[in-house]
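Visitor: Predicted model and sequence follow; I will ask about them next.
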Amino acid sequence: MTSITRVPSVVAHDEIDLFAMMQSIWKQKKLIAATALFVGAIAGAYAFLATPEYEVSTLLRPAALNDLDALNRTEVYSLPPGKALVRVGAALDSYDTRLSYFRANPKLFEAFGRAGQSPEQVFDEFNRDSLKLVQPDPKKADLLSAYIGLEMRYPKGVEGDEILNGFVQYAIENERKQIADDLKVIISNRLSEVDTKLDAARAAYDAEKEGKIAALLEADNLKRAQLQDELKALRVQLKVRREDRIAQLDEAISIARSLGLKKPSTPSSMASEGESGSNIIRTEVNNQQIPLYFMGTDALEAERKALRQRTSDDFADPRVAQIRKELLLLNTNREVEVLNQRENEEVFLSDIAPLRAERVRLSSISTDMRGLSLVNVDRLALEPANPASPQKTLIVGLGLMLGGILGIILALLRHFLLAHRVHMSAINPAPLSKIIEADASVKARER
């Protein structure tokens with residue numbers, strides 16, 4: 001009677017009995033241990049049967065300032081260390097650079113391929129899953145903390161350190177070539193610009209020289225024409241003056257003949273001849289010109305004859321000789337002759353010394369970038385001693401832990417299922433013998 005009244009009171013209690021639940025879990029420890037071992041065994045099988053993957057990494061930092069000083073001193077290409085690091089990082093992250101390296105070294109990537117895969121598929125899978133670029137937070141990065149990392153995961157049998165280090169050097173070398181090509185183009189453009197300015201200076205000089213020569217020759221032609229005109233007019237003037245003199249002489253000869261003057265005479269001498277018996281003293285006024293006929297016919301006829309026989313009057317005026325001299329000097333312009341005989345005309349170009357210096361400087365810039373250090377390889381990729389995955393100890397430990405949790409869950413489910421049966425028996429009473437048998441069977445199974 002006592003056991004019959006005690007069972008319904010226990011079954012009728014709806015609240016969860018933690019102590020009873022813990023007892024039930026403890027009684028099912030074998031189930032929990034078996035579940036943990038089963039899941040742990042599955043995890044261990046995966047850990048030991050899965051293909052191991054290895055991981056290598058390399059770290060790049062900005063180059064020293066003196067490594068890029070020679071390039072920056074060219075004044076045609078500026079590349080600070082931070083910018084150089086970014087350029088190399090962009091090359092490492094470039095799909096085209098990775099594909100070029102993949103195609104240039106097919107033997108290094110043979111282990112990544114599977115049967116039926118094309119080279120493009122192999123590269124796409126490698127690029128997507130194996131390579132990873134690591135960069136610092138751009139908000140916190142500065143030159144001292146800036147870096148670029150590259151990580152690569154690969155299966156066993158692959159020389160990962162050789163692939164990664166080779167790829168880094170390949171990307172750096174590509175950037176060197178790109179910088180060298182850029183430098184060549186910039187220098188070529190600058191030289192073309194300087195040559196254009198030099199050609200413009202030469203053209204300006206040639207135009208100035210030709211203009212100066214033309215001006216000098218034009219001035220000479222004008223002067224020559226003026227002198228020739230003056231000489232012609234002067235000769236006409238001398239001829240007219242000679243003819244006028246002949247006319248004067250003709251008139252004077254006629255007067256002298258009428259006066260009977262054959263020899264040169266003076267008015268006073270003529271007066272003394274006419275009054276020879278008188279005692280008169282005459283004074284000759286010399287401040288007046290004596291008429292020409294007093295020269296006498298002999299002198300006048302001789303002069304007239306000479307004037308008529310004269311073939312040229314040029315000697316009669318010294319200006320004619322001066323004009324001839326000036327015309328002779330105008331036959332050759334020495335300044336024009338010197339200008340035309342210049343051999344090295346560039347020495348006479350103005351404001352081209354800076355252009356020549358710039359051209360020499362640009363021509364002396366070396367475009368060989370093979371020794372240029374774009375970045376500092378702070379850490380080379382080294383062959384790892386252990387695979388990065390799977391981590392056997394961790395996987396087995398997690399498998400055991402998950403198996404234990406799963407075993408506890410199963411034990412709790414059994415506990416609550418049994419409690420539910422007892423509760424349902426209290427609502428619909430069954431024969432006491434069945435309840436006792438059921439309880440005994442549960443306890444037996446728990447043992």
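Guide: Arrived safely.
Visitor: Leaving out sequence neighbours, find the closest residue to F112.
Guide: Among residues not flanking F112 along the chain, F126 sits closest, at 5.1 Å (Cβ to Cβ, 6 or more residues apart in numbering). The C-beta positions use only the backbone N, C-alpha and C, and glycine is treated the same way.
Visitor: State which strand of this protein is the longest.
Guide: strand 53-62 (DSSP state E).
Visitor: one step back: which element follows the helix or strand where the residue nearest to F112 lies toward the C-terminus?
Guide: Assigned by DSSP states H and E, F126 belongs to helix 119-129. Per DSSP H and E, the first helix or strand lying C-terminal to helix 119-129 is strand 131-134.
Visitor: partners of that next one in the sheet?
Guide: Here strand 131-134 has these sheet partners by DSSP bridges: strand 148-155 (antiparallel).
Visitor: How about the secondary structure of T311?
Guide: With DSSP: H, G, I helix; E, B strand; the rest coil as the basis, T311 sits in coil.
Visitor: Buried residues, stretch 216-224. List them.
Guide: D220 (16 or more other Cβ atoms under 10 Å).
Visitor: Please apply the same query to stretch 125-142.
Guide: F126, S130, L131.
Visitor: N344: which of those residues is nearest?
Guide: L131 (61.8 Å; Cβ to Cβ).
Visitor: gap between that closest one and L164?
Guide: Distance of L131 to L164, given as Cβ to Cβ, to the nearest Å: 9 Å.
Visitor: Now for those two: what residues contact both?
Guide: Taking Cβ atoms under 8 Å, 6 or more residues apart in numbering as the contact rule, L131 and L164 both touch L150, M152.
Visitor: got the angle between the longest strand of the chain and strand 148-155?
Guide: Going by axes from the mean of the first three to the mean of the last three Cα atoms, to 10 degrees, strand 53-62 is angled at 170 degrees with respect to strand 148-155.
Visitor: on contacts alone, who are the packing partners of strand 53-62?
Guide: Judged by 3 or more Cβ pairs under 8 Å, 6 or more residues apart in numbering; DSSP states H and E, the packing partners of strand 53-62 are helix 81-92, strand 148-155, helix 160-259, strand 375-379.
Visitor: so after the last one, what's the next helix or strand?
Guide: Looking back up the chat, that one is strand 375-379. helix 392-427.
Visitor: Adding pLDDT, write the buried residues of stretch 125-142 out as CSV.
Guide: Conversion of the buried residues of stretch 125-142 to CSV gives the following (pLDDT from 0 to 100):
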residue, pLDDT
F126, 86
S130, 85
L131, 89
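Visitor: got JSON lines for those residues, with distance to T196 too?
Guide: As requested, those are exported to JSON lines (distance: Cβ to Cβ, whole Å):
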{"residue": "F126", "distance to T196": "50"}
{"residue": "S130", "distance to T196": "52"}
{"residue": "L131", "distance to T196": "47"}
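Visitor: quick one: buried residues of stretch 80-100?
Guide: Neighbour-count burial for stretch 80-100, counted by 16+ other Cβ under 10 Å, picks out P81, A84, L85, V86, R87, V88, G89, A91, L92, D93, T97, R98.
Visitor: what do you get for stretch 329-340?
Guide: L330, N333, V336, L339.
Visitor: Helix 392-427 and the strand or helix carrying A20, what's the angle between them?
Guide: Assessed by DSSP H and E, A20 sits inside helix 18-27. On the basis of the same axes, to 10 degrees, helix 18-27 is oriented at 130 degrees to helix 392-427.
Visitor: Run through who's touching helix 18-27.
Guide: By Cβ under 8 Å, 6+ apart, helix 18-27 touches I32, I408, A411, L412, R414, H415, L418, E446.
Visitor: quick one, what contacts the closest residue to the second one other than its chain neighbours?
Guide: What that stands for is I408. Leaving aside its chain neighbours, I408 sits nearest to I32 (5.7 Å; criterion: Cβ to Cβ, 6+ apart). The contact partners of I32, taken as Cβ under 8 Å, 6+ apart, are I25, G404, G407, I408, L410, A411.
Visitor: 6 Å - rerun?
Guide: G407, I408, A411 (Cβ atoms under 6 Å, 6 or more residues apart in numbering).
Visitor: my read: E53 touches R153, true?
Guide: Yes: contact criterion Cβ atoms under 6 Å: E53 and R153 qualify, at 5.2 Å.
Visitor: Which one of these two is surrounded by more residues?
Guide: It is R153, of E53 and R153, that has more neighbours when counted by other Cβ atoms under 10 Å, with 19 against 16.
Visitor: ok so, going back, I'd guessed the residue nearest to F112 sits against G113; true?
Guide: No: applying Cβ under 6 Å as the test, F126 and G113 come out as separate, 8.9 Å apart.
Visitor: Just give the closest residue to I253, not the sequence neighbours.
Guide: L300 is the one closest to I253 (Cβ to Cβ, 6+ apart), at 4.6 Å.
Visitor: secondary structure element for the one you found?
Guide: Using DSSP H and E, L300 falls in helix 296-309.
Visitor: can you state the direction angle for that helix and helix 160-259?
Guide: Using the same axes, to 10 degrees: helix 296-309 against helix 160-259 is 150 degrees.
Visitor: and helix 296-309, what does it pack onto?
Guide: helix 160-259 (3 or more Cβ pairs under 6 Å, 6 or more residues apart in numbering; DSSP states H and E).
Visitor: so what does the helix it packs on touch, helix or strand wise?
Guide: strand 53-62, helix 81-92, helix 95-104, strand 148-155, helix 296-309, helix 318-330, helix 334-340, helix 353-363.
Visitor: Just the local confidence number for V7, please.
Guide: At V7, the model reports a pLDDT of 42.
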